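> make a model of this:
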Amino acid sequence: DIKVTIPEGSTLKTIARIFSEKGLVSEEAFVKSLDINNFKDKYFFLKDFPKDSTLEGFLFPDTYFMPPGKSAEFYIDILLKRFEDIYFNKVDGVIKENDIELTPYQVVTLASIVEAEAKLENERPIIAGVFHNRLKIGMPLQSCATVAYALGVHKDVLSLDDLEIDSPYNTYKNFNLPPGPIVSPGLSSLLAVANPADVDYLYFVAKGDGSHIFSKTYIEHLNAQSKIESNK
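As a prediction, this is how the structure comes out:
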């Protein structure tokens, strides 16, 4: 068997490339086999997905040992099965216990944003708490990670023009969750959404070292941004 590691925060394109680099299946064959309809009969949770949704976010990031010479669907099925095991054995119960009113699809969507935004383990529940707070009051999520996904390129700093992109994934211009996940979240990010920190923050800004400053008000947020800029 061949060892295949899918890092947390991987996109479908990244996962397809990893399988190709391991010599298991071509990127083209992998991408072509990602049709959600190929797996709906086997996985009940796929049946409630929104129309035009994809498997983005649902191929679970982990280390696998894969037999060579199999079809792309065979490998995708293993990653989907792992997601099903993890989500419904370790996450779903916490979601219900905490009365989180999100579907599995929405949980993974929000967890994917937490995955992309959080760099430190201890900050995941806090960032999840910020996003939950924003959703509750109808405030845009304003996640740079979703804009980067819309742009299709990774940028350390987004321009004002980038924030104007016309896309349902632009959470600066659109309210509520984006249409679907932007990366595959790991268990920590899923649990952060299922059990967010009890905070009243509405803002956070990156300090540049992986950590963030969290704020309750916009004025505090502007002061935090100024403080970070003055320290550069």
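> what about stretch 141-153, average pLDDT?
On average, the pLDDT along stretch 141-153 is 91.
> mind checking how far it is from the chain centre?
11 Å (Cα atoms, centre = their mean, to the nearest Å).
> any idea how many residues pack against F49?
Neighbour count for F49, taken as other Cβ atoms under 10 Å: 18. Just so you know, the C-beta spots here come from the backbone N, C-alpha and C atoms, and that holds for glycine as well.
> next, give phi and psi for it.
phi -70, psi 150 (degrees, to the nearest 10).
> the closest residue to it other than its chain neighbours sits in which helix or strand?
For F49, ignoring the flanking residues on the chain, the nearest one in space by Cβ to Cβ, 6 or more residues apart in numbering is Y105 at 5.5 Å. Y105 is part of helix 104-117, with elements assigned from DSSP states H and E.
> quick check: mean pLDDT across that helix?
Mean predicted lDDT for helix 104-117 stands at 97.
> picking up where we left off before, show me the contacts for the residue nearest to F49.
45, 48-50, 53, 180 (Cβ atoms under 8 Å, 6 or more residues apart in numbering).
> report the buried members of those.
Neighbour-count burial (16 or more other Cβ atoms under 10 Å) is assigned, among these, to 45, 49, 53, 180.
> isn't the third one right next to P179, touching?
Okay, so that is S53. Yes. Counting by Cβ atoms under 8 Å, S53 touches P179, with 7.5 Å between them.
> give me the neighbour count for S226.
With other Cβ under 10 Å as criterion, S226 counts 10.
> where's it, which helix or strand?
helix 218-230.
> centre of the chain versus that helix, how much separation?
27 Å.
> tell me which residues are up against it.
202-203, 205-208, 213, 215.
> setting the sequence-adjacent residues aside, check what's closest to V31.
Nearest one to V31, counting by Cβ to Cβ, 6+ apart, is A16 at 5.2 Å.
> next one: the one you found from V199, what distance?
37 Å (Cβ to Cβ, to the nearest Å).
> in terms of neighbours, single out the busier of the two.
Neighbours per residue (other Cβ under 10 Å) separate A16 from V199, with A16 holding more: 24 against 16.
> that's a helix at that one, yeah?
Yes. Per DSSP: H, G, I helix; E, B strand; the rest coil, A16 lies within a helix segment.
> residues contacting it?
Contacts of A16 by Cβ under 8 Å, 6+ apart are 27, 30-31, 34.
> change it to 10 Å
Contacts for A16 (Cβ atoms under 10 Å, 6 or more residues apart in numbering) come out as 10, 25-34, 59, 72, 76.
> so what's L163 closest to, chain neighbours aside?
Y172 (5.0 Å).
> that neighbour: neighbour count?
16.
> same list, the contacts of helix 218-230, but as JSON lines with pLDDT and distance to V114 please.
Converted to JSON lines, the contacts of helix 218-230 look like this (pLDDT from 0 to 100; distance: Cβ to Cβ, whole Å):
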{"residue": "L202", "pLDDT": "97", "distance to V114": "16"}
{"residue": "Y203", "pLDDT": "96", "distance to V114": "15"}
{"residue": "V205", "pLDDT": "92", "distance to V114": "16"}
{"residue": "A206", "pLDDT": "90", "distance to V114": "14"}
{"residue": "K207", "pLDDT": "90", "distance to V114": "18"}
{"residue": "G208", "pLDDT": "85", "distance to V114": "19"}
{"residue": "I213", "pLDDT": "94", "distance to V114": "17"}
{"residue": "S215", "pLDDT": "96", "distance to V114": "18"}
